[in-house]
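**Student:** Take a look and give me a structure for this.
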Amino acid sequence: MTPYVLVVEDEDALATLLHYNLDKEGYRVAVAGDGEEALTLASERAPDLVILDWMLPKVSGIEVCRRLRGRAETRNVPIIMLTARGEESDRIRGLDTGADDYVVKPFSMVELTARVRAVMRRIRPGLADDRITVGDIVIDRVAHRVKRNGKEIHLGPTEFRLLDYLMQHPGRVFSREQLLDAVWGSDVYVEARTVDVHIGRLRKALNGSSDGDPIRTVRSAGYSLDLDAA
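**Tutor:** Here you go, the predicted model:
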């Protein structure tokens, strides 16, 4: 089941950025703009992880954290606090309230998503999804290995990320532009045809043992991972 992350952040631009990057990582994401909304969403469905801003309208992040820890259904949910407060006393207060990790603004999205993965591995190892299996393909994110039918497949870093993303959404068709945003990032300029080159390399690596082509080309639409067509 896809891990469900609740983002509690009142700055619209940062909330949008968090949503985009976590969604790209394969999480299901909900966003709350204040403490009251966060508590309501958490009561409707317990999240697998909460990213919680310290300074919030209506109910503070510290109080939201305290209330979540007081509810049986959210008592053990991992919480990462976001704050502009960098003093040691503030970090200790946040951790003593029940936060599992503490990130000081400004921060990089690469660091935050790495911390999300680390917290999930540590507290909820079953949700970390370090290994994904689709059909006869297995990808191990920690060991950075790929196997097909038990045979090791050697991929470059870009082909590895491309396969990882396609395996998170088997059967779904992605345009070149969508794959560029997901794999290369929206802040990097790369020509759309570059996707074709890396798809070709990925195909060559996966089909080396004549197991069939799992990547389907959809004319005028894009590419998908489709083991049924292999």
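**Student:** Look up the closest residue to the most centrally placed residue in the chain, ignoring the ones flanking it.
**Tutor:** With distances taken as Cα atoms, centre = their mean, the residue of the chain nearest its centroid is Glu25 (2.4 Å). Of all residues not flanking Glu25 in the chain, Thr113 sits nearest, at 5.5 Å (Cβ to Cβ, 6 or more residues apart in numbering). All C-beta spots, glycine's among them, are computed from the backbone N, C-alpha and C.
**Student:** What residues of the stretch of helix or strand the one you found belongs to count as buried?
**Tutor:** Here Thr113 sits within helix 109-123, counting by DSSP states H and E. Buried residues in helix 109-123, counting neighbours by 16 or more other Cβ atoms under 10 Å, are found at Leu112, Thr113, Arg115, Val116, Arg117, Val119, Met120, Ile123.
**Student:** The fourth one and Leu18 touch, don't they?
**Tutor:** No - under the criterion of Cβ atoms under 8 Å, Val116 lies out of contact with Leu18, with a separation of 10.0 Å.
**Student:** any common contacting residues for those two?
**Tutor:** Common contact partners of Val116 and Leu18 (Cβ atoms under 8 Å, 6 or more residues apart in numbering): Ile51.
**Student:** from the chain's centre, how far out does stretch 149-156 sit?
**Tutor:** With Cα atoms, centre = their mean, to the nearest Å as the basis, stretch 149-156 stands 24 Å off its chain's centre.
**Student:** Check stretch 167-176 too.
**Tutor:** Per Cα atoms, centre = their mean, the centroid offset for stretch 167-176 relative to its chain is 15 Å.
**Student:** So what would you say the end-to-end distance of it is?
**Tutor:** Stretch 167-176 stretches 16 Å from its first residue to its last (Cα to Cα, to the nearest Å).
**Student:** for the closest residue to Ala118 other than its chain neighbours, what are its contacts?
**Tutor:** Leaving aside its chain neighbours, Ala118 sits nearest to Asp101 (7.9 Å; criterion: Cβ to Cβ, 6+ apart). Counting by Cβ under 8 Å, 6+ apart, Asp101 touches Pro78, Ile79, Ile80, Met81, Arg115, Ala118, Val119.
**Student:** what's the next secondary structure element after the lowest-mean-pLDDT helix or strand in the chain?
**Tutor:** Here the helix or strand of the chain ranked lowest by mean pLDDT, DSSP states H and E is helix 88-97, holding a mean of 68. Later in the chain than helix 88-97, the nearest helix or strand by DSSP H and E is strand 101-104.
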